[in-house]
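Colleague: show me how the following folds:
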Amino acid sequence: MDREAVVSKNAPKAIGPYAQAVRVGNLIYTSGQIPIHPQTNQTVEGGIEEQTRRVLENLKSLLEDAGTSMKAMVKTTIFLANMDDFAKVNEIYASYFHSDPPARSCVQVAGLPKGALIEIEGIAVIK
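Modeller: A predicted model of the protein is given here:
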């Protein structure tokens, strides 16, 4: 099994002992992305809309640096601090996956790192 860590300067650095993403064969497994701006290493200010956009931009950058794209995403998992944000997240999420969305799970959690309101992880194919 070929296993390779993916490192991107355009996505936030890992805040713990884990890889930003791992490539195994033609699949990329991303670690959960929270709304940290990669240049400031700080959580973005604002509410769920700003945080959702930052998380999706982080995923997009990470996938592009790994040689794939959001269009190649086959599965995502969304973790929300508050399920009342579900509709707002869906609206923004749909703008990133408008033509052929991946399979997805969404759950509410008791808490997320750095007080984030949202975290998304995913699996994508390298074509």
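Colleague: check contacts around residue 62.
Modeller: Contacts were defined as Cβ atoms under 8 Å, 6 or more residues apart in numbering; by that measure residue 62 touches 6, 8, 10-11, 20-21, 30, 33. Quick note: C-beta positions are derived from backbone N, CA and C, even for glycine.
Colleague: just the ones of those residues in strands?
Modeller: Using DSSP state E, the members of the contacts of residue 62 that fall in strands are 6, 21, 30.
Colleague: I figured residue 21 hits residue 31, correct?
Modeller: Yes. With contacts defined as Cβ atoms under 8 Å, residue 21 counts as touching residue 31 at a distance of 6.3 Å.
Colleague: tell me where this structure has strands.
Modeller: Across the chain, reading from the start of the chain, the strands by DSSP E fall at 3-6, 21-24, 27-30, 73-80, 103-108, 118-125.
Colleague: skipping adjacent residues, who's closest to residue 5 in space?
Modeller: In space, and not counting its chain neighbours, residue 5 is closest to residue 19: 4.1 Å by Cβ to Cβ, 6 or more residues apart in numbering.
Colleague: the one you found: how many residues sit nearby?
Modeller: Here the number of neighbours of residue 19 (other Cβ atoms under 10 Å) works out to 15.
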